[in-house]
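> Got a sequence here, can you build the structure:
(one chain, ligands or ions: 1)
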Amino acid sequence: MVPLFTAKQIVYINNSLFNELINASFIILFFEVMRNITKYVSNISLGVYFRESLKVLQLKSLSSLLNIKNKNLDNLPSGVIIERVNNDCGKIADCIPIVVEHLSEIISNFGVIITIFFLNKLLFLYLLFGAVIIFIFKNIRIKKWFEFDKKRRKANEKSTSFICEMIRGIRDIKVLNANKSFLDEADKRLKYKNKVNYDGRKVLRKYDLITGTIHDLLNLFLLLSGVYLLKNNLISITAFVTIYLYKDRIYNLFNAYSSLQEVLKDFELSSTRVLDIIEGDKYERESFGNKVLKKAHGDFEFKHVKFSYKKNIPVLKDVSFKVKANTTVAFVGKSGSGKTTIFNLLAKLYDIDKGEILIDGININELTEKSIRGNMTIINQSPYIFNLSIYDNLKIVAPKATKQDMINACKMANLHDFIMSLPDKYNTIVGEGGITLSGGQRQRLAIARALIQKTEIILFDEATSALDNETQDEIQKAIDNMKREYTILIIAHRFSTVINSDKILFMEDGVIKDEGTHEELLQRNKNYKELYELELKNQP
Ligand code: ADP
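Next up is the predicted model:
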């Protein structure tokens, strides 16, 4: 309607038909207002749709990410995850709004095209012919764009991964005085990303130039044909003006179709990348049994366990041991002997290759995820403390805990007095990774976090970093506070921590070489004694 009445306006102006001109203008206004109202409503509802579906996709990706086996996560850089959770999910969520936009363009252009068909069949055929030629070139462009987009995304992942790592390791980079080499590497990756973008876009621009030129030539011939038809009275001025004003709509119809294809290809690529994380075979999922163990007693057993992270590089070679509930057992051995691996396997962060792991006499593979991980807490060497207040760091792992529970846990972890000395006390924000806390305070907050979860089993990987004696004492006291109430497994890096353990498992090169109390091992195991004496010698 708008093109028809626009053309009529021109004729009315030409013939000084002002009343008709005003009527035509009101009709146009009416249609334009209707169009804007429809656009407004559809934009708002599509916006809501976009945000909601993005949220659902991102949450689904994040929850699926938590189910991916650690073996696969070890080889999945954070940049890849960020690109997929942010950009690819965004592209998928944006697909429907864009498709709706293109479809409405196609439908509205259809109306214009039918009008042109009835106004002049010859010019209609001419425009149709031009549109087909442009469409062919656009299709070739889409194929090129698809190839380029794959490359572009890979390059983006590479640079994002490196930037993420740089940000995470920023403090180490500074103290290593390696600013320049890191910036050089970032420069190299960003340059590569730019080059991929530049090369790809250069090819695309070439096709844009070709279609643009064809388009201009077609317009010129349309004008010349119009002049010829007008001269010979084969077309009315209204019809020609309408066709000339709205000629691009016929191209737009084909363009919208090409763009629709482009969006669908984009959708395909993004959804493959997101589905890889959500449900694909590329990354294996963790699997659990369905036996429920609500409150574990705390007995453990490893029976002839064999395990390797990578094929043919055995890390645990036939490990067997028993741990009784409410006892404290320490693992001692050189770095790389497999102590942390035992913890990883107990929490089923990795699956064993052979043997059996039993919790309260039940094979770990038969238990549900909650029965395993809900019954134990691992305190790592460098626990991750979230950029929240101390209170929220505790609340996030135990939403039902009361303030008093938190105070009790912090008292037991020997941290309460320190917290109370802070200006904001439990409301103190601790910075990303708990950066405003010392290593010892971080470990004690992690102990409090473990205690508040009220699990029976605590796996404690003592910090290797040189903690001062006072901090070490504080941590030792925290551990002593927990003894007898919990089953505690400690990876000890200092003999002072293990001397009072009920049992020490001495590990060497993926096997348990000996087990007993500190005195027993000192007496009968030469290597254990050597390790002990080495520490005594190195003490200040
Ligand atoms: P420990 O705690 O006694 O220092 P670990 O259990 O951490 O020893 O490591 C045992 C061996 O397993 C080491 O040789 C180490 O390089 C290897 N390892 C540890 N974690 C991984 C992993 N995620 N992927 C591959 N190899 C690993």
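> isn't there a helix covering Lys348?
No - under DSSP: H, G, I helix; E, B strand; the rest coil, Lys348 falls outside any helix and is assigned coil.
> isn't it right next to Ile364, touching?
Yes - applying C-beta atoms under 8 Å as the test, Lys348 and Ile364 come out as touching, 5.7 Å apart. Where C-beta positions appear, they are placed from N, C-alpha and C, glycine not excepted.
> Next, show the common contact partners of the two.
Ile372 (C-beta atoms under 8 Å, 6 or more residues apart in numbering).
> Strands of the stretch 301-450 of the chain, start to end?
316-323, 328-333, 354-359, 362-363, 376-379 (DSSP state E, counting those that start in this stretch).
> now swap in the chain and tell me
With strands called from DSSP state E, the chain shows them at 300-307, 316-323, 328-333, 354-359, 362-363, 376-379, 457-461, 487-491, 503-508, 511-516.
> Just the buried positions in the second one, please.
Of the residues in strand 316-323, those buried under the neighbour-count criterion (16 or more other C-beta atoms under 10 Å) are Leu316, Val319, Phe321, Val323.
> do the first one as well
By 16+ other C-beta under 10 Å, the buried positions in strand 300-307 come out as Phe300, Glu301, Phe302, Val305, Phe307.
> Same check on stretch 188-196?
Arg189, Lys193, Val196.
> List of residues touching it?
Phe148, Lys151, Arg152, Ala155, Asn156, Lys158, Ser159, Phe162.
> Let's see that with 6 Å instead.
Residues from elsewhere that reach stretch 188-196 (C-beta atoms under 6 Å, 6 or more residues apart in numbering): Lys151, Arg152, Ala155, Lys158, Ser159, Phe162.
> And stretch 28-48, by the same measure?
In contact with stretch 28-48 (C-beta under 6 Å, 6+ apart) are residues Met1, Val2, Phe5, Pro97.
> how far away is the nearest residue to the first one once chain neighbours are set aside from Thr6?
If I follow you right, that is Met1. In space, Met1 comes closest to Phe31 once its chain neighbours are excluded; the distance is 5.3 Å by C-beta to C-beta, 6 or more residues apart in numbering. Phe31 sits 11 Å away from Thr6, taking C-beta to C-beta, to the nearest Å as the criterion.
> dump the residue contacts of the nearest residue to Leu260 once chain neighbours are set aside.
Leaving out its chain neighbours, the residue that sits closest to Leu260 by C-beta to C-beta, 6+ apart is His102, at 4.6 Å. By C-beta under 6 Å, 6+ apart, the residues touching His102 are Ala256, Ser259, Leu260.
> now swap in Asn156 and tell me
Contacts of Asn156 by C-beta under 6 Å, 6+ apart are Glu83.
> that older thread, show the overlap between the contacts of His102 and what lies near the ligand.
Among the contacts of His102, no residue sits close to the ligand (C-beta under 6 Å from any ligand atom).
> Which members of the residues you listed occur in helices, if any?
The helices in this structure, assigned by DSSP state H, contain Ala256, Ser259, Leu260 from those.
> Adding neighbour count, pLDDT and distance to Ile457, write those out as CSV.
Listed next are the ones in helices among the contacts of His102 as CSV, based on neighbours: other C-beta atoms under 10 Å; pLDDT from 0 to 100; distance: C-beta to C-beta, whole Å:
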residue, neighbour count, pLDDT, distance to Ile457
Ala256, 20, 82, 61
Ser259, 19, 83, 58
Leu260, 17, 85, 56
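> Please identify the residues of this structure in proximity to the ligand?
Going by C-beta under 6 Å from any ligand atom, the residues of the chain near the ligand are Asp74, Tyr309, Lys310, Val315, Gly333, Ser335, Gly336, Ser337, Gly338, Lys339, Thr340, Thr341.
> how about a cut-off of 5 Å?
Residues of the chain found near the ligand (C-beta under 5 Å from any ligand atom) are Asp74, Tyr309, Val315, Ser335, Gly336, Ser337, Gly338, Lys339, Thr340, Thr341.
> Give me the buried subset of those residues.
Buried among those (16+ other C-beta under 10 Å): Val315, Ser337, Gly338, Lys339, Thr340, Thr341.
> how much space between the closest residue to Gly361 other than its chain neighbours and the ligand?
Setting aside the residues directly before and after it, Gly361 is nearest to Asp299 in space (C-beta to C-beta, 6+ apart), at 6.8 Å. Note on Asp299: its distance to the ligand, by C-beta to the nearest ligand atom, to the nearest Å, is 23 Å.
> Could you do Phe288 as well?
20 Å.
> ditto for Asn365
20 Å.
> what pLDDT does the closest residue to that residue other than its chain neighbours get?
Counting by C-beta to C-beta, 6+ apart, Asn365 lies nearest to Gly289, which is 5.6 Å off, once chain neighbours are set aside. You'll see Gly289 listed with a pLDDT of 92.
> again, but for Glu474
Reading off the model, Glu474 has pLDDT 69.
> thinking again about what came up before, farthest-apart pair in the residues of the chain next to the ligand, please.
Asp74 and Ser337 (19.8 Å; C-beta to C-beta).
> one step back: can I get the strands of the stretch 301-450 of the chain in CSV including mean pLDDT?
Converted to CSV, the strands of the stretch 301-450 of the chain look like this (pLDDT from 0 to 100):
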stretch, mean pLDDT
strand 316-323, 92
strand 328-333, 90
strand 354-359, 94
strand 362-363, 94
strand 376-379, 85
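> which stretch among these comes nearest Ile499?
strand 328-333 (8.9 Å).
> could I get the closest one in CSV with only the CA atoms?
The C-alpha trace of strand 328-333 is given here as CSV (Å, rounded to 0.1, in the frame of the first residue of the first chain):
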residue,chain,number,x,y,z
THR,A,328,43.5,-39.8,60.8
VAL,A,329,45.6,-41.2,58.0
ALA,A,330,48.5,-39.4,56.4
PHE,A,331,50.1,-40.0,53.0
VAL,A,332,53.8,-39.3,52.8
GLY,A,333,56.0,-39.6,49.8
